[in-house]
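K.L.:
give the three-dimensional model of this entry:
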Amino acid sequence: MMRSKDLKPSEPAKILVIGEDSNLQWSDKVTEVAMFADYYFRSFPEDDGERSRNVEARNLFNHIAFLTLNRVKSQEIYITNLCNDQLTPAPKGKRVLITEEHALRGVSHIEWLLEQYPTIEYVLAMSLQTNYWLQKLGFYGDDKKFIEEAQPRRKGLENMSDPFYQPVNGKAFESICGNIYDATNHPVKVIPIVAAKDYPLKGRNKELFTEAYDKIRNYFRK
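P.N.:
Modelled structure (predicted):
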């Protein structure tokens with residue numbers, strides 16, 4: 001079974017970024033390094049597929065730079081996924097389901113990382129499903145309404161051959177994005193942000209999350 005590797009910083013880490021899962025929505029394969037983050041430090045490739053990965057990596061680091069007002073260097077960012085294991089691919093157009101077993105393993109890994117990297121001050125947690133599991137499993141927050149609305153619908157869970165994640169309320173993420181939380185067991189701030197693929201904000205996302213992103217930027221401005 002393939003696993004995505006974490007991108008480890010070359011300098012003392014200040015930020016931990018948590019993506020969703022190792023599978024790509026358009027592929028059954030897993031990324032070698034979480035969210036193609038290693039491509040950010042490579043020269044721009046000539047191959048089309050390699051170029052798209054490089055662009056995704058640049059968008060990822062630009063996302064973090066935008067939110068933090070460039071106060072954190074790229075070499076001070078640790079990047080992982082809630083789930084680095086290969087998961088059962090979802091049906092076309094659906095989101096891969098992270099099982100509770102995989103989520104528990106992911107949260108344990110995150111807790112361990114924060115012990116190993118005590119210089120980390122902020123955790124940027126991407127996407128609805130990631131934040132659902134982080135709250136459900138007690139890593140941060142205890143918003144019962146959010147947890148109830150973000151839990152997977154039975155329809156996706158019971159699709160045995162191709163399970164997928166579909167929340168009870170697709171708008172649940174709007175209630176937490178941009179909030180600043182305290183982690184339960186560590187002296188770090190946890191900030192829910194949109195998934196890597198949804199940055200730069202545009203269209204409906206721009207309308208929904210610009211205010212939340214202004215709130216995050218104002219937090220780092222202080």
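
K.L.:
which residue is nearest the centroid of this structure?
P.N.:
residue 19 (2.4 Å; CA atoms, centre = their mean).

K.L.:
tell me the secondary structure of that residue, please.
P.N.:
Assigned with DSSP: H, G, I helix; E, B strand; the rest coil, residue 19 falls in the strand class.

K.L.:
so what sits opposite it in the bridge?
P.N.:
The partner list for residue 19 in beta bridges (DSSP bridges) reads residue 81.

K.L.:
assess the claim that it and residue 126 are in contact.
P.N.:
Yes - taking CB atoms under 8 Å as the definition, residue 19 is a contact partner of residue 126 at 5.3 Å. C-beta: built from backbone N, CA, C; applies to glycine.

K.L.:
which residues do those two both contact?
P.N.:
195-196 (CB atoms under 8 Å, 6 or more residues apart in numbering).

K.L.:
the helices in this structure, which residues?
P.N.:
Using DSSP state H, the helices of the chain run over 48-67, 100-116, 128-136, 144-150, 154-157, 203-221.

K.L.:
low-confidence regions, the chain specifically.
P.N.:
1-2, 22-30, 45-46, 49, 91, 156-161 (pLDDT under 70).

K.L.:
at 80 what do you get?
P.N.:
1-3, 21-31, 44-50, 86-95, 154-161 (pLDDT under 80).

K.L.:
which one of the helices of the chain lies nearest to residue 85?
P.N.:
helix 100-116 (5.9 Å; CB to CB).
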